[in-house]
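pasting the structure only:
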């Protein structure tokens, strides 16, 4: 278990002290994939470096399995670090060493003999799918392959924790997917705790169990990914999610005045969110059957999965008799789904008339 | 050209090569660690010690700011102390070495500074000691660049060794002054110039070739 308590980090700059982390507390359970998302400069890279003490926090404690790393001296820290693998955005491979030697590097540092090293390195190369690239130099590899070498190197000393510092940010979307899949497989197979730093919500959504949103050196929000996705509490979280979830109104309703009270020719627009089993429920059909004198139009729809949980989103517009529309709204709110009323909006073509 | 002259040329060439090689070897043994220290003792580096860093930098700058010909004369007492005489090829190697040490230090510093800090960070994350980082990260990663930089130092030393003639150091440069200039022998002057050009070309070619071979980037 990783337990960060009241971490503060202040950098001394010529312009005066610069606080990077203000008061950060996080607990990461064994075997979890924990995402930390933030904009550049939010402090996320500093935070992940506090976990393996590449950055010493100005105040606060970093506990790993009950051991407080802030109390250790350099030589004790070096031992602990062998249990914490790390991969980087820029891969940070030795350009003068082959793929094999890069993966063997941590073992060589530990003074392990050549034979044992080769018994260790070969299966690792196989696991990351680079067994036929052992003799090549990093410059001969693609970005995704370089990161695979980075992962194999990080795993060579059998760590219990893998820190990923923007590990996919320099990769294209397809390669990102394959690297994320590899990280997930490793997490499952070796039961390694993974901490992922990223600025991309897609990464969080694809593989993380839990997420913390960091903003200006504090944790703005944290929780399970599904919870943070479906019920974001903070503006910044909203911004991250909205990049992924396009839920703009159809053009016919865009930039139209929104009224809280019924208006003539107005559509009552509502945003519906279905989570888990409710995503399978035929709610809209039941709505139409129950209130057969209203018109329901689906303006936007999307079905996705977060952490294997189905997650559907929809924007509907209801028109008809004012009272009936109101009743339909009330009925929807009683169902097992999240309803957000946007308001009464006229279509462009009607408004223009 | 007489046989004597050819022998003299051969002897002078050997003196130059000897002076440059020995000075370069001794200066590297001191200069390369100095260059490593200049980088690693700087702020937020693996052996951070800013006092030491400033002391080394000041000494390096001081020695580098003295023109070679003045350095040669100024350190005569030191030369006498070290090799027992202030005249001759061996004596000339003392100022040559002394002037090469800070030069190598700065060149190696530049090469090592080019190694991305991310690599050091990666090694730290793997539990490497500062010495292991120098040995397994900084030096191998900077090696190609160091070779290229040292080539420049060797060529500068060949140039400086010509001045060693003023204290009876011998060598090609000395030959050019004594025979080509003072005894009005334009043929000797021409030959020495050609020999120097060829020598520098060979060194530069060998340096470039080795640096390229070592570069895996």
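Nice, I can see it. None of the values given here were measured: they were computed from a predicted structure.

show me the contacts for residue B:86.
By Cβ atoms under 8 Å, 6 or more residues apart in numbering or on different chains, the contact list for residue B:86 reads B:76, B:79-80, B:167. Heads up, the C-betas are built off the backbone N, CA and C, glycines and all.

kindly report the same for residue A:219.
Residue A:219 neighbours (Cβ under 8 Å, 6+ apart): A:24-26, A:212-213.

switch to 7 Å and redo it
The contact partners of residue A:219, taken as Cβ atoms under 7 Å, 6 or more residues apart in numbering or on different chains, are A:24, A:26, A:212.

tell me the SS of it?
Of the three states, residue A:219 takes strand under DSSP: H, G, I helix; E, B strand; the rest coil.

what residues does chain B have near chain A?
Residues of chain B lying near chain A by Cβ under 7 Å from any Cβ of the partner chain: B:118-119, B:121-122, B:124-129, B:132, B:137, B:140-141, B:143, B:216-217.

residues in contact with stretch A:259-277?
So stretch A:259-277 is in contact with A:226, A:230, A:247, A:253, A:309-319, A:322, A:325, A:329, A:332, A:337-347, A:350, going by Cβ under 7 Å, 6+ apart.

now do that stretch: distance to the chain's middle.
The chain centroid and the centroid of stretch A:259-277 are separated by 29 Å under Cα atoms, centre = their mean, to the nearest Å.

quick check: end-to-end length of that stretch?
Across stretch A:259-277, the terminal residues are separated by 33 Å (Cα to Cα, to the nearest Å).

report the mean confidence score over it.
Here stretch A:259-277 scores 86 as its mean pLDDT.

buried residues in the longest helix seen in chain A?
Assignment by DSSP state H gives helix A:173-190 as the longest helix of chain A. Within helix A:173-190, the residues scored as buried using 16 or more other Cβ atoms under 10 Å in any protein chain shown are A:175-177, A:179-180, A:182-183, A:186-187.

and what of stretch B:4-14?
Neighbour-count burial for stretch B:4-14 [16+ other Cβ under 10 Å]: B:8-9, B:12-13.

so which of those is the closest to chain A?
Comparing those against chain A with Cβ to the nearest Cβ places residue B:13 closest, at 35.4 Å.

who's in contact with the closest one?
For residue B:13, the contacting residues are B:172, B:195, by Cβ under 7 Å, 6+ apart.

report the residue spans of the stretch 251-353 of chain A with pLDDT below the cut-off.
A:350-353 (pLDDT under 70).

for the chain, name the helix or strand with the lowest mean pLDDT.
If you meant another chain, say so; for now it's chain A. helix A:348-352 (a mean of 65; mean pLDDT, DSSP states H and E).

chain B, not that one
Bottom-ranked secondary element of chain B by mean pLDDT, DSSP H and E: helix B:172-175, a mean of 86.

buried ones in the top helix by length along chain B, by neighbour count?
If you go by DSSP H, chain B has its longest helix at helix B:3-40. If you call a residue buried by 16+ other Cβ under 10 Å, then helix B:3-40 has these buried ones: B:8-9, B:12-13, B:15-16, B:18-20, B:23-24, B:26-28, B:30-32, B:34-40.

and what of stretch B:125-133?
Buried residues in stretch B:125-133, counted by 16+ other Cβ under 10 Å: B:125-128, B:130, B:132-133.

among those residues, which two are most distant?
B:125 and B:130 (14.1 Å; Cβ to Cβ).

so which residues of chain B form helices?
Using DSSP H, the helices of chain B run over residues B:3-40, B:50-64, B:68-74, B:76-83, B:89-113, B:117-125, B:130-133, B:139-163, B:172-175, B:186-214.

low-confidence bits of the stretch 1-150 of chain A, can you list those?
Under the criterion pLDDT under 70, no range of the stretch 1-150 of chain A is flagged.

any idea what the residue lying closest to residue A:192 once chain neighbours are set aside is bridged to?
Nearest non-adjacent residue to residue A:192, counting by Cβ to Cβ, 6 or more residues apart in numbering or on different chains: residue A:162, 5.2 Å away. According to DSSP bridges, the residues that bridge with residue A:162 are residue A:85, residue A:194.

check the burial of residue A:162 by counting its neighbours.
Using other Cβ atoms under 10 Å in any protein chain shown, residue A:162 has 23 neighbouring residues.

go ahead and confirm it touches residue A:154.
Yes. The pair residue A:162 / residue A:154 is scored as a contact, 6.0 Å apart, by Cβ atoms under 7 Å.

near chain B, which residues of the stretch 1-150 of chain A are found?
Counting by Cβ under 7 Å from any Cβ, the residues of the stretch 1-150 of chain A near chain B are A:52, A:54, A:78-79, A:81-82, A:86, A:88, A:90, A:92, A:94-96, A:105-106, A:109, A:137, A:139.

can you rerun that using 6 Å?
Within the stretch 1-150 of chain A, the positions near chain B by Cβ under 6 Å from any Cβ of the partner chain are A:52, A:54, A:78, A:81-82, A:86, A:88, A:90, A:92, A:95-96, A:106, A:109, A:137, A:139.

and the furthest pair within those?
Farthest-apart pair in the residues of the stretch 1-150 of chain A next to chain B is A:78 and A:139; separation 29.2 Å (Cβ to Cβ).

the two: which is more packed in?
Remark: of residue A:78 and residue A:139, residue A:78 carries more neighbours, 19 against 11, as counted by other Cβ under 10 Å.

contact partners for that one?
Counting by Cβ atoms under 6 Å, 6 or more residues apart in numbering or on different chains, residue A:78 makes contact with residue B:127.

so which bits of the helix or strand that contains it are buried?
Per DSSP states H and E, residue A:78 falls inside helix A:74-81. The neighbour-count check on helix A:74-81 (16+ other Cβ under 10 Å) flags A:77-78, A:80-81 as buried.

what of stretch A:56-65?
Buried residues in stretch A:56-65, counting neighbours by 16+ other Cβ under 10 Å, are found at A:57-58, A:60, A:62-64.

ok, stretch B:86-96 next?
Buried, per 16+ other Cβ under 10 Å, within stretch B:86-96: B:86, B:89-96.

same check on stretch B:154-168?
Within stretch B:154-168, the residues scored as buried using 16+ other Cβ under 10 Å are B:154-158, B:160-165, B:167.

got the residues you listed as a markdown table, with pLDDT columns?
Converted to a markdown table, these look like this (pLDDT from 0 to 100):
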| residue | pLDDT |
| --- | --- |
| B:154 | 97 |
| B:155 | 96 |
| B:156 | 94 |
| B:157 | 94 |
| B:158 | 92 |
| B:160 | 91 |
| B:161 | 89 |
| B:162 | 85 |
| B:163 | 83 |
| B:164 | 78 |
| B:165 | 73 |
| B:167 | 75 |
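
quick check: of the residues you listed, which lies closest to chain A?
Distance to chain A, by Cβ to the nearest Cβ, is smallest for residue B:154 among the buried residues of stretch B:154-168, at 22.6 Å.

apart from its neighbours in sequence, what residue is nearest residue 178?
By default, I'm working from chain A. Nearest residue to residue A:178 in three dimensions, chain neighbours excluded: residue A:144, at 6.2 Å (Cβ to Cβ, 6+ apart).

switch to chain B, please.
Nearest to residue B:178 is residue B:165, by Cβ to Cβ, 6+ apart, at 7.2 Å.
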